[in-house]
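S.K.: got a predicted structure here, sequence first:
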Amino acid sequence: MRILGIETSCDETGVALYDSEEGLLGHKLYSQIALHSEYGGVVPELASRDHVRKLLPLVDELLADCQLNKKQIDGIAYTKGPGLVGALMVGACTGRALALALDIPAIGIHHMEGHLLAPMLEAQSPAFPFIALLVSGGHTQLVRVDGVGEYRLLGESLDDAAGEAFDKVAKMLDLDYPGGPHIATLAEKGEQGRFTFPRPMVDRPGLDFSFSGLKTFTLNTVVKHALDDGLPDHQVCADIACAFQEAVVDTLVIKCRRALEQERMKTLVIAGGVSANTRLRERLEQALTKIQAGVFYARHEFCTDNGAMIAYAGCQRLLAQQNDSLAVRVTPRWNLEDLEPVGNGCNKNT
Ligand code: KG4
Ligand code: ZN
């Protein structure tokens, strides 16, 4: 079964073709980062309009690259939520209309399920059950995963998501949006131990997170060391970036270990934009080796938003005969635990 995946939940237009026998055939991504950068964050109306402009030409380019035509697609998967309602509507309307015209099934996919399953696109993919740490711009969640669609939330952020905290701290240091990769690069030049930031909620039991106190602590440190232009000198900015990243990473590592121990599991999956963070990957690998557990993640380009993860998740659900009605509906707020379970998808990786 050959599935076209469409991702338009925020500021990336992503498309991909996934084949249940052959795996990923191709994918394309158009990022709106430049469009939104002057506003320091995503402007929803601009995002929707840009998806309208870019989505269909991107599908055509993808098909041409794969030397396929639309009639050779067997099903369509589009992101149905969570996300920006206007941006979601573009992908959902386009996906649904294409499927109707081609007389093939279509299904709306939960964006975080897409992220969670993205490591399945790799040659070394995890086996169920596992613990997933979902860390993106909008979510920080620890989830027990027993199969596709079988998700139990173990803990989540009570305030800012990890990616959101990275973005806000980047703004304090006058770095571009999205801030995560810029903080990570700046942190490499920082001196470990020059500052020590708090590790929020690690001495309390449970698996919830909170990053807003750490964000305030970071802001206070920036203000305390600011020079006349309002910013500390470059080295101090790097030291602050380093201390902030260490605090986030440490907190995530401690909670992941705790979740694995609580659920008596040996496999961790990290997914979502922040899972691209090299320091997080390194520190998790070190910590999990000590407890004979393993960590899986997607290649860099599939950690942040992309069409491949939606095509993959859609393929699992369409193979299980799930599909959506003709009505175009999006779900800007959507709980992962409310998803329908899928039996065992039969594709080359599972
Ligand atoms: O999954 P994603 O592309 O979009 C959402 O679903 O939110 O995640 C975007 C988030 C942004 O907050 C971005 O700053 C963060 O992921 N991010 C990173 C890195 N790359 C992206 N955070 C830390 N380190 C990175 N290398
Ligand atoms: Zn995402």
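M.R.: Yep, that arrived. Numbers count the residues shown, from 1 in each chain. Ligands and ions are numbered 1, 2, ... in the order given.
S.K.: against ligand 1, how distant is residue 291?
M.R.: Residue 291 sits 24 Å away from ligand 1, taking C-beta to the nearest ligand atom, to the nearest Å as the criterion. Placement of C-beta: from N, CA and C, glycine included.
S.K.: ah, wrong one, I meant residue 15
M.R.: Relative to ligand 1, residue 15 is positioned 16 Å away (criterion: C-beta to the nearest ligand atom).
S.K.: repeat that for residue 134.
M.R.: 9 Å.
S.K.: can you give me the pLDDT of that residue?
M.R.: On the pLDDT scale, residue 134 is placed at 98.
S.K.: run through who's touching the helix or strand in which it is found.
M.R.: Using DSSP states H and E, residue 134 sits within strand 130-135. With C-beta atoms under 8 Å, 6 or more residues apart in numbering as the test, strand 130-135 has contacts from 112, 115-116, 140-145, 154, 161-163, 252, 255-256, 259-260, 263, 265, 267-275, 280, 296.
S.K.: put the alpha carbons of it into CSV.
M.R.: Coordinates of each C-alpha in strand 130-135 appear next as CSV, following Å, rounded to 0.1, in the frame of the first residue of the first chain:
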residue,chain,number,x,y,z
PHE,A,130,8.5,1.1,25.0
ILE,A,131,8.5,4.4,26.8
ALA,A,132,8.3,7.5,24.6
LEU,A,133,9.6,10.9,25.6
LEU,A,134,7.8,13.4,23.3
VAL,A,135,9.6,16.7,23.3
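S.K.: helix or strand right after that strand?
M.R.: Assigned by DSSP H and E, the successor of strand 130-135 is strand 140-147.
S.K.: list the neighbouring strands of the helix or strand that comes right after that next one plus their orientation.
M.R.: Downstream of strand 140-147, the first helix or strand assigned by DSSP H and E is strand 150-156. The pairing partners recorded for strand 150-156 under DSSP bridges are strand 140-147 (antiparallel).
S.K.: ok, the residue of the stretch 251-350 of the chain found nearest ligand 1 to ligand 2 distance?
M.R.: Relative to ligand 1, the nearest point of the stretch 251-350 of the chain is residue 273 (2.1 Å; C-beta to the nearest ligand atom). According to C-beta to the ion, to the nearest Å, residue 273 stands 6 Å off from ligand 2.
S.K.: now do the phi/psi pair for the nearest residue to that residue once chain neighbours are set aside.
M.R.: Using C-beta to C-beta, 6 or more residues apart in numbering and skipping residues adjacent in sequence, the residue nearest residue 273 is residue 304, 4.5 Å away. Dihedral angles of residue 304 (phi, psi; degrees, to the nearest 10) stand at phi -80, psi 180.
S.K.: just give the number of residues close to residue 304.
M.R.: Neighbours of residue 304 under the rule other C-beta atoms under 10 Å: 26.
S.K.: what's near enough to touch it?
M.R.: Residue 304 sits next to 12, 273, 276 when contact means C-beta under 8 Å, 6+ apart.
S.K.: out of the residues you listed, which are inside strands?
M.R.: residue 12 (DSSP state E).
S.K.: ok, of the contacts of residue 304, which one's closest to residue 332?
M.R.: Lowest distance from residue 332 to the contacts of residue 304 (C-beta to C-beta) belongs to residue 12, with 16.9 Å.
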